[in-house]
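Student: no sequence on hand, only this structure:
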Ligand code: HEM
């Protein structure tokens, strides 16, 4: 029966690699030897010139899109027919799985419209004081380490940035100051590690959530360990009850979600403020006309805060880890970044404020180049919401067909990038970006389902880089590895070994 299912794409004339029984094309991912993104990368290398390619995850057919115009149709122009994720989501039995990243169709649309006002530029400005407090703690932490080392010290940056990322997102999403930089044993470090640290058990659950959700639903387990689900629900419930009982308000995301719970909407910004994913043309717009009042329950808030935590913490802290590593490896780039930052600081009275971070074009280029080499999410996934032809082709897709867009492979294709392995921020000057097809670079996805936290992630990363680099110079130690070894057990790029950098006080 499996052999017959493995003929699914061949019967439709779709090219692709041979399947083996029982795993199809994903044996190495299922056995924990390679990441899902690596397999899509390999398929792309072999079938680079095919517009699309079919593979099978056990018995489930997946369609990989390589052609940039088809990608644009799926993500943007024909989005209404491809808005789903085709992922595991079972909110009735597994509360945390009722969250934005996992939903499809109308439930996704409704929730995205409700949550978008949380992520506008106006709301980011409102929450910035909360970010900044964490930045101040980071500054103190680094200063005291460097002082203790007599002006120079070695710091393991993966852990440092994970603590900082945890503190920022815990503060902004849960309204709690965890200060894990000072308390590394906090539950806010231990619990997310159960989900995010490389492990066979979690790796397999996430693999199934992406590729074979029916199997995960049939198992007597939730997506995340029960201990983590209970922890997130309990935390959110307690904080909300406390705030409501004592009339406490705080500039954070949770406050906005409490407003959604009680009033059915989040107050809009002044005109001209935009939310990620909402500046799209009529056809792609997700909200037609005014949004009705829609309340949200405490359990729903807990599910969203949890995804904000996981999506916001892991992506930004790993991108920052790679950025600092690359800047340590390329001191001339680091010098230019610091020069730009110092000028911006001078213009803003020496303080890191929201506005200080808005005009840092070279730093933006460096972050873009880092996310090209190490995209936090190595592929995008979509679902055909009805039977229809794949845009710009005659291939008829069944309803529910899973579509994969191998962004890391596109980011590394020599057809679009000279010397793709090299770190060259100059690829991202305005002119060069305008000259390139927009679909060859997709670190935040695109279309109405683009990362909802893009601006927040970028602001957070620039604040952190400015906090660190204007006070300390970072360099690779003499025994540093020339490349970073990545875990095959996580979806995003996760360094296996500790990553140490030398921090020296700047004059
Ligand atoms: C470096 C930082 C980040 C990167 C590279 C990143 C990347 C991504 C990507 C590639 C997607 C999928 C987009 C698509 O399917 O087209 C996504 C979705 C998402 N991201 Fe981010 N992200 C980052 C930071 C954040 C932050 C800070 C938050 C929240 C606090 C966040 C929350 C989300 C959510 C909720 C979704 C699901 C959106 C939906 O399905 O409608 N992300 N992100």
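Tutor: Arrived safely. Quick caveat, the model's predicted, so the values are computed rather than measured.
Student: rest of the way, CA atoms for contacts and neighbours
Tutor: Will do.
Student: what parts of the stretch 301-450 of the chain come near the ligand?
Tutor: Where proximity means CA under 6 Å from any ligand atom, the interface of the stretch 301-450 of the chain facing the ligand comprises 307-308, 311-312, 315-316, 319, 376-377, 380, 443-446, 449-450.
Student: is residue 473 in contact with residue 507, as I believe?
Tutor: No: taking CA atoms under 8 Å as the definition, residue 473 is not a contact partner of residue 507, at 9.5 Å.
Student: who's more crowded, those two?
Tutor: Each of residue 473 and residue 507 has its neighbours counted (other CA atoms under 10 Å); residue 473 has more, 21 against 7.
Student: which residues does that one form a beta bridge with?
Tutor: In this structure, residue 473 has beta-bridge partners residue 504, where bridges are defined by DSSP bridges.
Student: how close does it sit to the ligand?
Tutor: Relative to the ligand, residue 473 is positioned 23 Å away (CA to the nearest ligand atom, to the nearest Å).
Student: then residue 339?
Tutor: As it turns out, when the distance is counted by CA to the nearest ligand atom, residue 339 lies 23 Å from the ligand.
Student: contact partners for that residue?
Tutor: Residues near residue 339 by CA atoms under 8 Å, 6 or more residues apart in numbering: none.
Student: my read is it is in a strand, agree?
Tutor: No: under DSSP: H, G, I helix; E, B strand; the rest coil, residue 339 falls outside any strand and is assigned helix.
Student: wait, residue 108 touches residue 100, no?
Tutor: Yes: Residue 108 lies in contact with residue 100 (CA under 8 Å); the separation is 6.2 Å.
Student: for residue 486, which non-adjacent residue is spatially closest?
Tutor: Nearest non-adjacent residue to residue 486, counting by CA to CA, 6 or more residues apart in numbering: residue 495, 4.4 Å away.
Student: look up phi and psi at that neighbour.
Tutor: When read as degrees, to the nearest 10, the backbone of residue 495 gives phi -60, psi 140.
Student: find me the pLDDT at it, would you?
Tutor: What the model reports as pLDDT for residue 495 is 91.
Student: do the same with residue 290
Tutor: Looking at residue 290, its pLDDT reads 50.
Student: overlap in contacts of residue 473 and residue 507?
Tutor: When CA under 8 Å, 6+ apart defines a contact, no residue borders residue 473 and residue 507 alike.
Student: what's around the spatially closest residue to residue 213 that is not a sequence neighbour, how many residues?
Tutor: Using CA to CA, 6+ apart and skipping the chain neighbours, the partner closest in space to residue 213 is residue 88 (4.4 Å). A total of 23 residues lie near residue 88 under the criterion other CA under 10 Å.
Student: check residue 187 too.
Tutor: The number of residues packed near residue 187 is 14, by other CA under 10 Å.
Student: same deal with the one 10 residues further on?
Tutor: The number of residues packed around residue 197, counting by other CA under 10 Å, is 17.
Student: quick one: residue 451 from the ligand, how far?
Tutor: Counting by CA to the nearest ligand atom, the gap from residue 451 to the ligand is 4 Å.
Student: residue 308 sits in which helix or strand?
Tutor: Following DSSP states H and E, one finds residue 308 within helix 298-329.
Student: what's the answer for residue 463, then?
Tutor: The secondary structure element spanning residue 463 is helix 454-469 (assigned by DSSP H and E).
Student: mean confidence score for that helix?
Tutor: 95.
Student: just to revisit the earlier point, what's the farthest-apart pair in the residues of the stretch 301-450 of the chain next to the ligand?
Tutor: Set against one another by CA to CA, these have their most distant pair in 319 and 449, with a gap of 20.6 Å.
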